[in-house]
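**Student:** only geometry, no sequence info:
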């Protein structure tokens with residue numbers, strides 16, 4: 001497991017590096033991404049996006065569709081568990097969440113906690129979200145999402161008129177207009 005958790009850029013096969021990681025002399029923080037995140041566990045320091053979050057261990061399709069759908073030959077006659085629970089599309093936070101869960105599974109930590117300073121799970125999750133939300137990385141993030149799920153789209157779909165969501169957004173626009181007219185005081 002150590003080789004999979006080894007931070008990208010460090011060489012697990014180097015005995016001194018391995019010893020320092022195992023002893024805690026080298027402290028690994030959540031924003032030091034591990035090799036398990038990369039396809040074939042290969043990190044390219046010249047192109048860090050290359051194969052990032054494309055590891056077979058992440059098994060996105062197993063989670064979001066169903067295990068039988070991964071083979072591209074539909075075998076199941078019912079919806080996948082994610083769809084049954086209302087998950088109808090992939091989200092970037094869900095990709096980060098799966099990566100965090102796999103990372104925890106690879107550790108020897110007996111209990112999952114977002115405040116755990118040893119596994120630093122919260123920082124790990126947030127660092128992935130940070131890169132997803134970085135506008136300078138938008139093209140790479142969109143490419144990643146489409147590669148994982150070809151049906152992923154960043155296109156906005158028009159709201160259905162009179163839907164609850166449409167009405168919530170209309171109400172927010174009206175409230176913001178009132179605030180602007182009142183000079184932002186909030187008094188109506």
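**Tutor:** Thanks, I have it. Because the structure is predicted, anything quoted here is derived from the model rather than measured. Numbering: from 1, shown residues only.

**Student:** Quick one: mean pLDDT over the lengthiest helix in the chain.
**Tutor:** With secondary structure taken from DSSP state H, the chain has its longest helix at helix 164-181. For helix 164-181, mean pLDDT rounds to 85.

**Student:** nearest residue to the residue nearest the centre of the chain other than its sequence neighbours?
**Tutor:** What sits nearest the mean C-alpha location of the chain, by CA atoms, centre = their mean, is residue 96, with 1.7 Å. Distances taken as CB to CB, 6 or more residues apart in numbering place residue 128 nearest to residue 96, at 3.9 Å, with adjacent residues excluded. (Glycine included, C-beta is placed from N, CA and C.)

**Student:** That neighbour sits in which helix or strand?
**Tutor:** Residue 128 belongs to helix 121-133 when assigned by DSSP states H and E.

**Student:** After the helix or strand of the chain with the lowest mean pLDDT, which helix or strand is next?
**Tutor:** Ranked by mean pLDDT, DSSP states H and E, the weakest helix or strand in the chain is helix 81-84, scoring a mean of 61. Proceeding N to C from helix 81-84, the next assigned helix or strand is helix 92-106, under DSSP H and E.

**Student:** That following helix vs helix 121-133, what angle?
**Tutor:** 150 degrees (axes from the mean of the first three to the mean of the last three CA atoms, to 10 degrees).

**Student:** what about helix 92-106, distance to the chain center?
**Tutor:** 6 Å (CA atoms, centre = their mean, to the nearest Å).

**Student:** Stretch 48-56 now?
**Tutor:** In terms of CA atoms, centre = their mean, the centre of stretch 48-56 is found 12 Å from the chain centre.

**Student:** Would you indicate which residues of that stretch are buried?
**Tutor:** Buried residues in stretch 48-56, counted by 16 or more other CB atoms under 10 Å: 51-55.
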